[in-house]
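Q: Next come a sequence and a model predicted from it.
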Amino acid sequence: MYDQSKAFIDWASLYDEGGLDIRSKSLHEQWMLDLTCPILKIEGDTSIQERVDIILEFMKTNNN
C-alpha cells in the first residue's frame, strides 16, 4: 500500500506542470479542445455557493 500511495503522490505532484506525455492538466486541456460539448471550467478560490451559482447559470445558458 505504501508503494501505491507513493506512486500516486509522485504522479499528483506532476499534474499541474506535466507535459502531454503523462496524465496531466496539459493533456486534459488538449483533450478538451476536441470536445464539441459545452465545457465549464471553474478555477480559483471560490466558495461552494459561488460554484453552485456558476454551475446553475452555466446550465441555464447552455440548456440544449
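A: In hand now; what should we look at? Numbers count the residues shown, from 1 in each chain.

Q: and the gap between residue 62 and residue 5?
A: 38 Å (C-beta to C-beta, to the nearest Å). Quick note: C-beta positions are derived from backbone N, CA and C, even for glycine.

Q: Is residue 58 in a helix, a strand, or coil?
A: Put simply, residue 58 is helix when judged by DSSP: H, G, I helix; E, B strand; the rest coil.

Q: How confident is the prediction for the residue nearest to it when sequence neighbours are not counted, by pLDDT?
A: Excluding the flanking residues, the one nearest residue 58 by C-beta to C-beta, 6 or more residues apart in numbering is residue 40, at 4.7 Å. Turning to residue 40, the model gives it a pLDDT of 95.

Q: what about residue 40, how many residues close to it?
A: 11 (other C-beta atoms under 10 Å).

Q: show me the contacts for it.
A: When contacts are counted by C-beta atoms under 8 Å, 6 or more residues apart in numbering, residue 40 touches 54, 55, 58, 62.

Q: Among those, which ones are in helices?
A: Among the contacts of residue 40, the members found in helices (DSSP state H) are 54, 55, 58.

Q: Neighbour count and pLDDT added to those, as a markdown table?
A: Shown next, in a markdown table, are the ones in helices among the contacts of residue 40 (neighbours: other C-beta atoms under 10 Å; pLDDT from 0 to 100):
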| residue | neighbour count | pLDDT |
| --- | --- | --- |
| 54 | 14 | 97 |
| 55 | 12 | 97 |
| 58 | 15 | 96 |
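
Q: any idea which helix or strand carries residue 5?
A: Counting by DSSP states H and E, the element that carries residue 5 is helix 2-14.

Q: Perfect, that will be all.
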